[in-house]
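[1] The amino acid sequence is not available; the structure is as follows:
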């Protein structure tokens, strides 16, 4: 209250002073007033974009997941700060020898925000809800469900496959058994996906959660998704003020685990990275996501805590073998790899803490092969290989998105310029083709395969090589024009189907060695850790490689 | 008279229908679009197919357009692709923000511009005049977003007089009545909210006011100079009227006519400037909405509605002016 | 931002009363713009051709404002033409010396051989600034020329034929004139399927089409009834020849003045589009608006020079063109030519 009074006094004073045209004395007053903005128990965090809605299953992006993660929980989860799977709503879990039957021992005395009990029936209700979801509108918004389970009870898309989900049984109050049709390497990591959070069955029914209506050329979501999300997490939903771009979350007093230390969390949406930084500096927010790489050092010097998330992503230079037949020659692709000075690119343009990538997955993921072939910068060798393959002076169309900033790719225009420069140095003619991210780039590259080269990347969802390597090279895609590389697809499918842990590791390591030396369908460039910045008063925030920070451990000391 | 109105209304309807068709079909033939924006990196052929079908993009374009027109006749402009909010609601949220900003900028521009212009004219050729004219030239030559960046850097980062962005402090518990935050605070007697909103408003308004200010100063100056040369002023002076009377009753009143017209003219320019200013200060108005729906989410229903509303407003204003001419000037009626 | 060059002229207050009558079906918003253009156009009705032109040049050379503008414009054009001779380095070459100190959060400043230090990719910033004059001139000139070409065609047709052709064409330009320029440009860029330097140039140029069209039409109309045209017609000169040989050349003086002002607006709008993320997508091109709108914005805090220098260049050049254009307009104005 005190602070607000002061501030308004100052605002009025400032107006008066401005009007008089002699603004000269308000600065020192303002200093004192600004500090007090953080009242006792509120943590204000600036996110980078609007969430879509708050029903976990219909969301797939980080900005929607940020509030969802505070309100909902999954059966298994990740140990804070790592991608290691630990118990969540399930205390323990096991699967049978075939890998198809998963038994979850559930935590006791857990209650949803609406007071209903969390139990095996609730778990199965959620699984069945997903599997039985009807309507093209709803199904089209369940990206992660499709990713993991493949299909629905009744598929709306003709090309969709059969679901690998079989059934879920509540054996007793505290035991849920999920049966699958086939084993998949993604489990148990995939059970930790935020999309597969467990929601209150009562609330789902009461607020008509399955009702996704198509209205014109867009979707309308239910009251559950918009105004009444109910989970088991440490925060309950407070509201979303769209005129002010603020999402409010309140502390859930009956939370089963570590109860939230702050009374309230406000997530403020600020799309512009410079503005986020300036708000942090002004003391109006206590934390920001995705600072510009250029600002990190300055913020650190000024006493802010810049928390680097362990890199769990990859940026690659994609190669389409289809349009230019020379690119189907392994020697030419190797020449491209030798031509790139990735060390220099990382040193000059990557955010602090980045590293050159030699494989398509970070070294913390199972299946990373330390002895896989590496391509050091060697322009002479590149020229020689090009000469051997008769590909000297070829022209390549290099597609890049000029208008986007992704965690693995903060500035595509600059990355393109540097890579193109390196390729030109070995005598390749590069024709740069800028296409807006949502205005043709993904269409041209992923669907029509119009390009020869492109830059793109990926942030991992859980600790499984299939989520990285399998996503890129598990099957033929227009992005790589690689339908002839059937060996590669077979090897990846086999590795993903291996249930036994040691066998799985060995199989994936071999896949990664072969990708580096035998197939080289694309060239890995770097792993770049995205950062999160908080003021020095904020304690207890653990940066997560999966950008899955939880706010219940956060404290804000009033200064 | 009635015939003119009927004919013009028919013209209006035809123009609008043609415009909707053009924009609708054009937008849907652009590469990429909402499907890409919704799927992100995770697009697979199956997902594209499903989403395209779910959004109804697989139907023939004329069928899509027919459905769109049908909905529009019932007042339904569609929903934002990203959040699912109705477009009317989205526009309704952004509109007051921009109007609030533009109004504040206009108040600054007029409040400073007319006195400055007048003073410059009175002191023609002297230092004050030269400084003013120089300043206005600089004002129209400086990229407004760059000026915004400078002001923001100085006044929010180096000396913390103003907040860097937004319309009101985060977490401030204010009641939303009209969407005009300053006004809301006064209506609900939450005076602190009103002051807070005003405090956020100053810097963006100053930035946006630069160009109209420069223009108004110049027009006022020129206009006052013209009037000062008029015979009736000389007559008044010769009659020995007091300077104050001459200034107040004759000079200013006569000089203000063109200035008022200019203020009207600058409204359009203000909207264009708002696009830039809103981006600099993260001001959630129409300008932000336009750039967002184009560059980021490819929110075609929103973009479509924005263009249509702009066109509608423009055409209706045009129509009203035409009609008023018809009333005033009999020659037009004949045509 | 949009109406910058267009609105700054000093108004002729006596004219405001009459403009309403000439306007059939226009919005009040466009009213003043039109009044001013029409007034400028009337100047060309005065006979005189070469002697009038000489007269204007003579009067301009005595006006310090015009001289300042001309000097700035002249210098700018010279730098643009001789950029390869002036620039110390190749603007696209990356130098090891600069790359050594370059990281994501530091950009090396002034040092041996590189007066202004590095750009964000290890290239010589000074050389890029110099070459920037070239690209900026290109964008400005092309945008102005395209706008002029369309405007001249529309205006000349309307002015030469009159009647319903005139009504329809002018109706169209009135609509465009009343829309805020930058909004029109943004809409055009949004509706373009591919963004490139050309989309930007085109979007910026469209804004000036109605201005030129209106100007040309007014000048032609004014001349239709003027003595030398009437004389030519009486002598039996073909209508086509009258338009091309007599009316068009005499209409060009006000057009040149307007083009000078349009240039300033064009480079400011190109910069604004870059800032909004709707500009030229190829950051390799050294163009001031692009440098300011993209790098200047991104690296404002760690190296503000990346914003200051292009901004300063834009401001000075825009100022130069505005001064020159204004002075020309004033010189053409018959009121001042007594």
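    Now that the structure is in, tell me what you want to look at. Here the structure is a predicted model, which is why all the values come from computation and not from measurement.
[2] Contact residues of the stretch 201-335 of chain B facing chain A?
    By Cβ under 8 Å from any Cβ of the partner chain, the residues of the stretch 201-335 of chain B that approach chain A are B:202, B:279, B:281-282, B:284, B:292, B:295-298, B:300-301. The way it works is simple: take the backbone N, C-alpha and C, and place the C-beta from them, glycine included.
[3] Most neighbours among these, which one?
    Among these, residue B:281 has the most neighbours (other Cβ atoms under 10 Å in any protein chain shown), with 31 neighbours.
[4] my guess is that residue meets residue B:204, correct?
    Yes: contact criterion Cβ atoms under 8 Å: residue B:281 and residue B:204 qualify, at 4.4 Å.
[5] list the residues that contact both of these two?
    Listed as contacting both residue B:281 and residue B:204 by Cβ atoms under 8 Å, 6 or more residues apart in numbering or on different chains are residue B:148.
[6] picking that back up, closest to residue A:420 among the residues of the stretch 201-335 of chain B next to chain A?
    residue B:295 (23.4 Å; Cβ to Cβ).
[7] And the closest one, how far from residue A:51?
    Relative to residue A:51, residue B:295 is positioned 19 Å away (Cβ to Cβ, to the nearest Å).
[8] Residue A:303 now?
    Distance, residue A:303 to residue A:51, by Cβ to Cβ: 30 Å.
[9] more crowded one of the two?
    Taking residue A:303 and residue A:51 together and counting by other Cβ under 10 Å, residue A:51 has the greater number of neighbours (21 against 8).
[10] mind listing what the more buried one touches?
    Residue A:51 sits next to A:59, A:63-64, A:66-68, A:240, A:247 when contact means Cβ under 8 Å, 6+ apart.
[11] Report the distance from stretch B:17-36 to the chain centre.
    Chain-centre distance of stretch B:17-36: 24 Å, with Cα atoms, centre = their mean, to the nearest Å.
[12] buried sites along it?
    For stretch B:17-36, burial by neighbour count (16 or more other Cβ atoms under 10 Å in any protein chain shown) applies to B:20, B:23-24, B:27-28, B:30-36.
[13] model confidence over the helix of greatest length in chain C, on average?
    As assigned by DSSP state H, the longest helix anywhere in chain C is helix C:125-161. Throughout helix C:125-161, pLDDT has a mean value of 90.
[14] same check, this time on stretch B:185-193
    Per-residue pLDDT values across stretch B:185-193 average out to 85.
[15] Stretch C:320-338 now?
    Averaging pLDDT along stretch C:320-338 gives 79.
[16] what distance separates it from the centre of its chain?
    Distance of stretch C:320-338 from the chain centroid (Cα atoms, centre = their mean) equals 16 Å.
[17] Now do stretch B:95-110: everything it contacts.
    Here stretch B:95-110 makes contact (Cβ under 8 Å, 6+ apart) with A:243, B:167, B:178-183, B:201-202, B:204-206, B:208-209, B:212-213, B:216, B:263, B:266-267, B:270-271, B:273-274, B:277-278, B:283-287.
[18] What about the residues you listed, which are in helices?
    Judged by DSSP H, the contacts of stretch B:95-110 include B:181-183, B:201-202, B:204-206, B:208-209, B:212-213, B:216, B:263, B:266-267, B:270-271, B:273-274, B:277-278, B:286-287 as members of helices.
[19] ok, and which of the residues of the stretch 201-335 of chain B next to chain A reach chain C?
    Answer for these near chain C (Cβ under 8 Å from any Cβ): B:279, B:295.
[20] Pull the contacting residues for the residue in the stretch 51-200 of chain B positioned nearest to chain C.
    Closest contact between the stretch 51-200 of chain B and chain C, by Cβ to the nearest Cβ, is at residue B:141 (4.1 Å). Counting by Cβ under 8 Å, 6+ apart, residue B:141 makes contact with C:4, C:264, C:268, C:314-315, C:318-319, C:322.
[21] Got a quick ChimeraX command for the buried subset of the residues you listed?
    Per 16+ other Cβ under 10 Å, the buried members of the contacts of residue B:141 correspond to this ChimeraX selection:
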select /C:4,264,268,314,315,318,319,322
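[22] Just the closest of the contacts of residue B:141 to chain A, please.
    For the contacts of residue B:141, the nearest to chain A is residue C:314 (20.2 Å; Cβ to the nearest Cβ).
[23] What sits closest to that closest one if chain neighbours are left out?
    residue C:288 (5.1 Å; Cβ to Cβ, 6 or more residues apart in numbering or on different chains).
[24] I'd say that neighbour and residue C:134 touch.
    No: using Cβ under 8 Å, residue C:288 is not in contact with residue C:134; the gap is 10.2 Å.
[25] Who has more neighbours out of these two?
    Shown here are residue C:288 and residue C:134; by other Cβ under 10 Å, residue C:288 has more neighbours (30 against 21).
[26] Next one: the more buried one relative to residue C:148, how far apart?
    Counting by Cβ to Cβ, the gap from residue C:288 to residue C:148 is 22 Å.
[27] do the same with residue A:548
    Noted for residue A:548: a distance of 57 Å to residue C:148, by Cβ to Cβ.
[28] Now do the contacts for the residue in the stretch 201-338 of chain C that chain A sits nearest to.
    Relative to chain A, the nearest point of the stretch 201-338 of chain C is residue C:281 (3.6 Å; Cβ to the nearest Cβ). Residue C:281 makes contact with A:402-403, A:413, A:434, A:436, C:195-196 under the criterion Cβ under 8 Å, 6+ apart.
[29] The residues you listed, buried ones only, as a ChimeraX selection?
    Only the buried entries of those go into this ChimeraX selection, using 16+ other Cβ under 10 Å:
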select /A:402,403,413,434,436 /C:195
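[30] Keep only those of the contacts of residue C:281 that are in helices.
    Those of those lying in helices (DSSP H): residue A:413.
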